[in-house]
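In: Any chance you could fold what I've pasted below:
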Amino acid sequence: MEIVKEPEITELEERTVAYVSFVGNYVGNVEVFAELFGKLGNWAGTKQLMGPETLFLSAYYNDPAVTPPEDLRLDACMTIGDDVEVEGEIRKQKLPGGKFVLMRAELTGAEEYTAAWEKIVGWLVQNGLEIDMSRGVSYEIYLNDPEEHPEKYHIIDICMPIN
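Out: Residues are numbered from 1 along each chain as shown. Predicted coordinates for the structure are as follows:
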């Protein structure tokens, strides 16, 4: 794992997203993410909703360190226009904006995600910051397709809401 951009406090805009939800143990389970993003991508592809500005992200609602694995909640998301209609298991919501700590990391594989989250949480603690539980969601924003990277790296922004 390489930290490309050290954690910093930034303002993020509210985002309208289409999403597919999952409840259960997703930690280290790449199949869960592949299935969720596959559903989302298939839906968006048929509607020609993917463009250069489209962001794919995961929204997390619980802390795996304290929430039982079977109760963990995850939304696999993609940004969409406010006027886009959704159907079936594809839903629409606004992810909250506001003050976040953002850290960019280059991961050599899925096994490094946990270490990246531990790094940003450590930075929060070290700097006396608290997670803003009222907004209740942290994100991973995926900045590339690892299959298209020459070394298969995952380049991500981790975003945690703070008070």
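In: need the helices for this structure, in chain order.
Out: Here the chain has its helices, by DSSP state H, at 30-46, 113-126.
In: would JSON lines of the ones you listed with mean pLDDT be doable?
Out: Below are the helices of the chain laid out as JSON lines (pLDDT from 0 to 100):
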{"stretch": "helix 30-46", "mean pLDDT": "94"}
{"stretch": "helix 113-126", "mean pLDDT": "93"}
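In: Could I get these in TSV, plus columns for distance to residue 9?
Out: The C-beta positions use only the backbone N, C-alpha and C, and glycine is treated the same way. What follows is those, written out as TSV (distance: least, CB to CB, whole Å):
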stretch	distance to residue 9
helix 30-46	28
helix 113-126	10
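In: And those helices: which comes nearest residue 152?
Out: Nearest to residue 152, of all those, is helix 30-46, at 12.6 Å by CB to CB.
In: can you give me the angle that closest one makes with helix 113-126?
Out: Between helix 30-46 and helix 113-126, the angle comes out at 90 degrees (axes from the mean of the first three to the mean of the last three CA atoms, to 10 degrees).
In: Does anything pack onto helix 30-46? Which helices or strands?
Out: For helix 30-46, the helices and strands in contact under the criterion 3 or more CB pairs under 8 Å, 6 or more residues apart in numbering; DSSP states H and E are strand 15-23, strand 56-60, strand 73-79.
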